[in-house]
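K.L.:
the following block contains a protein sequence and its predicted model.
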Amino acid sequence: MNATHELSAETLQDLTPVHRLSREQRARLAQSGIIASLPTGKKLTAVHDAPWLDYVLTGKLCLLRDASKEIIESGSLRACQPVFESGRLRDSAVALTEVQLLRLDRQLYESLTGDRQPVGDSFDEMDLSIVESAMLIRFYQACKQGSLELPSLPKVARAIQDAMNNPAVTSMQLARIVQIDPAVTGGLIRLANSPVYRGARPTTDVRDAIIRLGFNMTRSVVLGMAMQKVFKTKSPLMKQRIKDLWNRSVHISALSFVIARHGGGCQPEHALLAGLLHDVGVIPILDHVSRYYREIDDAELDAAILKLRVMIGEMVVRYWGLESDLVDVVRESDQWYRDRGDQPDVCDIVLVARLYRLNQSDAEGPLPHYDNVPAYLKLGLGLSEAQGAVDVIAEAGEQLAAVTEMLKGTKE
């Protein structure tokens with residue numbers, strides 16, 4: 001059971017490494033803190049608690065690291081250090097007595113200190129299990145040999161990519177390519193007739209739909225709809241995970257599209273594609289595990305995803321020859337306090353979309369409100385108090401529905 005607690009800068013001044021912060025920074029971090037009450041026998045896992053810095057306030061925990069055990073008791077010097085060390089996601093702990101745990105937002109702490117190290121920048125320092133190491137070596141070797149075990153772009157998506165590299169391409173040529181895939185053809189026409197783009201009269205012709213949408217939107221829609229073929233698995237063990245990933249990606253894609261239409265930063269069609277691909281690195285991991293490590297447990301799979309999804313996602317984006325700023329989306333769109341320059345970019349848009357979705361759900365973990373992060377403020381979506389608060393995303397329900405329907409098609 002979690003409870004909000006009156007915490008202050010002084011509460012945190014003896015905690016490592018939080019004591020490095022200024023008093024003002026500690027006060028801000030304290031506002032994010034909660035007290036969690038754990039019953040005797042309750043198990044904690046590092047992968048689940050990765051978003052937090054956990055400290056034992058009262059009681060006694062047993063930390064399990066590989067084959068070793070360590071007792072952490074309140075009042076000791078060890079209790080002034082986080083229970084779980086950063087990067088050691090396979091560790092766990094068990095409450096030996098009733099325990100009160102102080103939880104602080106790890107990402108907020110890192111943003112205040114500037115200490116955050118992007119995942120995947122230093123492979124040698126990563127704490128990898130045997131499974132994770134073998135997976136990383138396999139991906140790395142395949143990449144060097146040009147046989148990377150990554151999903152291929154579907155035929156219609158590759159053809160559109162190639163065609164768009166020709167500045168002289170015509171709408172008729174694009175229409176012929178789109179018609180390779182009836183589902184993509186139908187999706188383009190539905191979107192062109194939706195409240196987002198519809199003209200004076202409905203259209204049933206794919207060429208007219210392409211003209212109405214524009215070439216860039218057509219490209220993003222085709223790539224987006226073709227992604228359904230990538231978000232697939234033959235493994236019954238991974239089917240639900242892939243389905244959940246697809247549904248989440250579609251929702252974030254639609255949200256990103258809407259946010260880009262209302263705020264500055266980038267073209268809506270680019271934001272749509274960025275939102276859909278923000279977590280694409282998870283797909284090869286699930287596929288690989290289903291082929292070679294069927295006995296892996298959920299906790300170890302979650303740890304592998306958390307450690308490897310960014311670097312593998314970057315491989316996918318580069319392998320497909322997509323825009324370089326999509327690499328930033330894969331790498332940084334879950335860094336809530338990201339603040340790079342004065343002008344917003346597509347990563348800011350996807351970040352706000354992800355936070356908005358999480359804010360609307362029962363997601364666990366330390367989450368700032370979507371309209372209280374640097375990305376949101378840069379996008380210019382907020383209004384002053386005098387103008388009144390308006391949720392521009394919620395107001396765009398028709399647009400969200402149209403883009404979601406287009407990406408998913410008529411069949412779930």
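P.N.:
Done, it's in. Every value quoted in this text rests on a predicted model; they were computed, and no experiment measured them.
K.L.:
looking at the chain, which helix or strand is least sure?
P.N.:
Across the helices and strands of the chain, mean pLDDT, DSSP states H and E gives its lowest value to strand 2-4, namely a mean of 45.
K.L.:
how does this protein divide into domains?
P.N.:
2-113, 117-149+231-412, 158-178+192-227 (automatic domain parsing).
K.L.:
these into CSV, with extra columns for mean neighbour count and distance to residue 185?
P.N.:
The way it works is simple: take the backbone N, C-alpha and C, and place the C-beta from them, glycine included. Listed next are the domains of the chain as CSV, based on neighbours: other CB atoms under 10 Å; distance: least, CB to CB, whole Å:
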stretch, mean neighbour count, distance to residue 185
domain 2-113, 17, 43
domain 117-149+231-412, 18, 11
domain 158-178+192-227, 18, 5
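K.L.:
ok, for residue 159, nearest residue in space, not its chain neighbours?
P.N.:
Leaving aside its chain neighbours, residue 159 sits nearest to residue 177 (4.6 Å; criterion: CB to CB, 6 or more residues apart in numbering).
K.L.:
actually residue 44, not the one I wrote
P.N.:
residue 93 (4.6 Å).
K.L.:
you'd agree that neighbour is in a strand?
P.N.:
Yes: secondary structure assignment (DSSP: H, G, I helix; E, B strand; the rest coil) places residue 93 inside a strand.
K.L.:
that one and residue 306, how far apart?
P.N.:
With distances taken as CB to CB, to the nearest Å, residue 93 is found 18 Å from residue 306.
K.L.:
what's the answer for residue 369, then?
P.N.:
24 Å.
K.L.:
cool, residue 79 as well?
P.N.:
Counting by CB to CB, the gap from residue 79 to residue 306 is 26 Å.
K.L.:
one more: residue 266?
P.N.:
For residue 266, the distance to residue 306 - CB to CB - is 28 Å.
K.L.:
for residue 342, give me its contacts.
P.N.:
residue 378 (CB atoms under 8 Å, 6 or more residues apart in numbering).
K.L.:
assumed it was part of a helix.
P.N.:
No: according to three-state DSSP, residue 342 belongs to no helix; its state is coil.
K.L.:
show me where pLDDT drops low in the stretch 51-200 of the chain?
P.N.:
For the stretch 51-200 of the chain, the stretches with pLDDT under 70 are 115-126, 140, 142-144, 146-151.
K.L.:
excluding its backbone neighbours, what's nearest residue 132?
P.N.:
In space, residue 132 is closest to residue 304, 5.0 Å off (CB to CB, 6+ apart).
K.L.:
what strand or helix carries that neighbour?
P.N.:
helix 298-319 (DSSP states H and E).
K.L.:
could you do residue 358 as well?
P.N.:
helix 346-360.
K.L.:
after that helix comes which helix or strand?
P.N.:
Beyond helix 346-360 on the C-terminal side, the first helix or strand identified by DSSP H and E is helix 374-379.
K.L.:
before we move on, the earlier item: so for residue 184, which of the domains of the chain sits nearest?
P.N.:
domain 158-178+192-227 (4.8 Å; CB to CB).
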